[in-house]
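>>> Provide a 3D model corresponding to the input given below.
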Amino acid sequence: MLQTSSDVLYLCGSLALLAFTGFLCYFIYALTKTVQESQKTLEDVNGKLKRVDPVVDETVTTLTDINKSVQTINENVLKPIASLAGVVKGIKQTASNIKEGMDLFNKKKK
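Numbering: from 1, shown residues only. Below you'll find the model as predicted:
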């Protein structure tokens, strides 16, 4: 079988080809396992996102309702109170002016 050096060369070449083929098969096997694991991970993440999505939607709805309530309170309670504070300030200023006038009147009277 191994009578000449070319036979040894062919044997070494075939062993190298066999080793390369084995390496290639192992590489394809490892790549396939990695892709399968990635697919399982993606399915797991998608499942978790499907559970989280309704919570996020509910939170957005709740925050929107709270925002509307705050705006309603601002329009219907706080702004009237602020304008009432302006009226009270005006009355206070008027009372102060009346008091000063009375003091001047009382001084002239004495």
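
>>> from L63, how far out is the spatially most central residue of the chain?
Nearest to the geometric centre of the chain sits V56, at 9.5 Å (CA atoms, centre = their mean). Between V56 and L63 the computed distance is 11 Å (CB to CB, to the nearest Å). Heads up, the C-betas are built off the backbone N, CA and C, glycines and all.

>>> the protein: helices as residue ranges?
5-73, 79-109 (DSSP state H).

>>> okay if I get the ones you listed as TSV plus mean pLDDT?
Shown next, in TSV, are those (pLDDT from 0 to 100):
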stretch	mean pLDDT
helix 5-73	95
helix 79-109	78
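
>>> on that earlier part again, would you mind measuring from the residue nearest to the centre of the chain to L84?
41 Å.

>>> do the same with D57
D57 is 40 Å from L84, by CB to CB.

>>> could you do I91 as well?
Counting by CB to CB, the gap from I91 to L84 is 10 Å.

>>> what does L49 give?
In this view, L49 and L84 are 50 Å apart by CB to CB.

>>> now do E43
From E43 over to L84 (counting by CB to CB), the distance is 61 Å.

>>> I28 too?
Separation of I28 from L84 (CB to CB) stands at 80 Å.

>>> just give me the neighbour total for V60.
If you count neighbours by other CB atoms under 10 Å, V60 ends up with 10.

>>> the one 5 residues further on too?
For D65, the number of neighbouring residues by other CB under 10 Å comes to 10.

>>> likewise for S69?
10.

>>> just I73 next, same as before
Counted with other CB under 10 Å, the neighbours of I73 add up to 11.

>>> ok, the one 5 residues further on next?
Summarising burial for L78: neighbours were counted as other CB under 10 Å, giving 11.

>>> next one: it, what pLDDT does it get?
If you check L78, the pLDDT there is 76.

>>> ok, now which ones touch it?
By CB atoms under 8 Å, 6 or more residues apart in numbering, the contact list for L78 is empty.
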